[in-house]
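Asks: Test case, fold it:
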Amino acid sequence: MSSEPYIIINPKANSGRLGNKLEKILKTTKSHIGDFEHTVTKRPQHEIQLAETAIQEGYKTIVALGGDGTATNIGDVIINHPDVTLGLLSAGSMCDWHRTHYIPYDLESSLEIFAEGHSEKFPAIKCVGDKTLFAFDMADGGFTGSAAAAAQTELKWVKIGVVKYNYLAIKYVLKFKNLPCTITIDDKEPIRVEEFTNVFAALGDIIAGYEVLPGNPYFTMKNNDLGIAVAHGMKGLRRLKLLVRAGGGNHIGMKGIWLSRGRKMTVESEGRALCWTAEGEVINEKGLKVEIERIDNALKVIVPKEREYSFEYDESIYHEDFEESFKERKISRIK
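Replies: Residues are numbered from 1 along each chain as shown. Below is the predicted model of the structure:
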């Protein structure tokens, strides 16, 4: 058993810029946390094998130095080892998972938090589609799933992650064709959505810079559930309007936006499969049915000891009837 942390570094993170600063990063990391072992990934999803090997060798703290995809793949391994702790160092393009738990988006600040060593148990989202993976912040299906999947293969020359994700989001917003779906939340009556556009199930609030579920980290910890957002009946300019307004969480109350809460959600599509991703990792491209479920106390993560999850809307936004979402509503922030 080793008391040193084992750091897995994805040099392709942050559109490849992480690898160009590797020597400096290692020096900075050592100055904050002392001795550690590390290795660098050499191919997509290599971190899975590296995490498994490190755990077999007795390491009890595995650290992801990269973005959401790197952290999620390592988390998928650690979740089967309750005595192992995950550390998150910010170095990717988005780091949505890190932001959910107030780990700052810069390496030195996240190193300071890691050095403090405060850890807590957090839930996970079990995602079952073509394959089974765990998400630790958000899973999504529809045009955002297609955009996230495309980010792994398209526009590799774009070095600024935000630019790439925003471009792909707009591309697939315009390209995606609505389809009928049936959504079942917990043991409630299934809801048939004739013109399904997109869906999110999350522990967090932000995906690729878009605040799709305002206040959700607070509500999901209070209620032990997931926040759910469904977009339906949206086409053309209304989808672009959705993207613009979601940047600041101002899409709440738009016609075609429905928020709900639950521990388990099943989405069945008709005619064609939906592309689903968990933190950017593809979980479904062929299946017509995807199941999303919250798993409590799934993973021990090093986080800031002093943090407060905030919210700007009343929780009632998550308890509207689906029928209400067919009209525009005026919803005010809490002052």
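Asks: next SSE after the lowest-mean-pLDDT helix or strand in the chain?
Replies: Within the chain, no helix or strand scores below helix 161-175, which has a mean of 67 by mean pLDDT, DSSP states H and E. Next along the chain after helix 161-175, taking DSSP states H and E as the criterion, comes strand 179-185.
Asks: in the chain, which strand has the most residues?
Replies: strand 289-302 (DSSP state E).
Asks: Ser109 is in what secondary structure piece?
Replies: Element membership of Ser109 [criterion: DSSP H and E] is helix 107-116.
Asks: elements contacting that helix?
Replies: Packed against helix 107-116, as judged by 3 or more CB pairs under 8 Å, 6 or more residues apart in numbering; DSSP states H and E, are the following elements: helix 22-33, strand 85-90, strand 289-302. Backbone N, C-alpha and C define where each C-beta goes, glycine included.
Asks: Show me which residues of that helix are buried.
Replies: Across helix 107-116, burial judged by 16 or more other CB atoms under 10 Å covers 107, 110-111, 113-114.
Asks: still on that earlier bit, ranking the helices and strands packed on helix 107-116 by burial, who's on top?
Replies: Highest mean neighbour count of the helices and strands packed on helix 107-116: strand 85-90, a mean of 25 (counted as mean count of other CB atoms under 10 Å).
Asks: ok, then the element right after that strand?
Replies: Using DSSP H and E, the helix or strand that follows strand 85-90 in sequence is helix 96-100.
Asks: sorry, back to before: partners of the longest strand of the chain in the sheet?
Replies: strand 85-90 (parallel), strand 119-128 (antiparallel), strand 264-269 (antiparallel) (DSSP bridges).
Asks: quick one: which of the buried residues of helix 107-116 is nearest Tyr167?
Replies: Distances from the buried residues of helix 107-116 to Tyr167 were compared by CB to CB; the smallest belongs to Leu107, at 25.9 Å.
Asks: For the closest one, give its distance to Ala51.
Replies: To Ala51, Leu107 is 20 Å away according to CB to CB, to the nearest Å.
Asks: cool, and Val230?
Replies: Distance from Val230 to Ala51, by CB to CB: 34 Å.
Asks: returning to what we had before: farthest pair in the buried residues of helix 107-116?
Replies: Counting by CB to CB, the most remote pair of the buried residues of helix 107-116 is Leu107 and Ile113, 11.0 Å apart.
Asks: so where's the stretch 201-335 of the chain uncertain?
Replies: The stretch 201-335 of the chain contains residues with pLDDT under 70 at 335.
Asks: all strands of it, in order?
Replies: For the stretch 201-335 of the chain, the strands defined by DSSP state E, counting those that start in this stretch cover 206-207, 210-211, 226-232, 257-262, 264-269, 276-278, 281-284, 289-302.
Asks: any weak-confidence spans in the stretch 51-200 of the chain?
Replies: Residue ranges of the stretch 51-200 of the chain with pLDDT under 70: 92-94, 150-166, 168-169.
Asks: Domains of this protein: list them as residue ranges, please.
Replies: As assigned by automatic domain parsing, the chain contains the domains 6-117, 126-295+308-326.
Asks: Using CSV, lay out those domains together with distance to Ser332.
Replies: Converted to CSV, the domains of the chain look like this (distance: least, CB to CB, whole Å):
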stretch, distance to Ser332
domain 6-117, 24
domain 126-295+308-326, 8
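Asks: Report how many residues lie close to Glu308.
Replies: Residues near Glu308, counting by other CB atoms under 10 Å, number 7.
Asks: Next up, phi/psi of it, please.
Replies: Dihedral pair for Glu308: phi -140, psi 120, per degrees, to the nearest 10.
Asks: List the contacts of it.
Replies: For Glu308, no residue meets the contact criterion (CB atoms under 8 Å, 6 or more residues apart in numbering).
Asks: For Tyr218, see how far away it is.
Replies: 9 Å.
Asks: Please apply the same query to Phe134.
Replies: Applying CB to CB to Phe134 and Tyr218 gives a distance of 22 Å.
Asks: Could you check which of these two is surrounded by more residues?
Replies: More neighbours surround Phe134 than the other of Phe134 and Tyr218, with 25 against 17 (other CB under 10 Å).
Asks: Which residue, other than its chain neighbours, is closest to that one?
Replies: Closest residue to Phe134 apart from its sequence neighbours, by CB to CB, 6 or more residues apart in numbering: Ala124 at 4.5 Å.
Asks: pretty sure the one you found is touching Asn80, no?
Replies: No - under the criterion of CB atoms under 8 Å, Ala124 makes no contact with Asn80, lying 11.2 Å away.
Asks: Of those two, which one has the most company?
Replies: Shown here are Ala124 and Asn80; by other CB under 10 Å, Ala124 has more neighbours (23 against 11).
Asks: I'd like to know the beta-bridge partner residues of the more buried one.
Replies: Beta-bridge pairing for Ala124 (DSSP bridges): Ile295.
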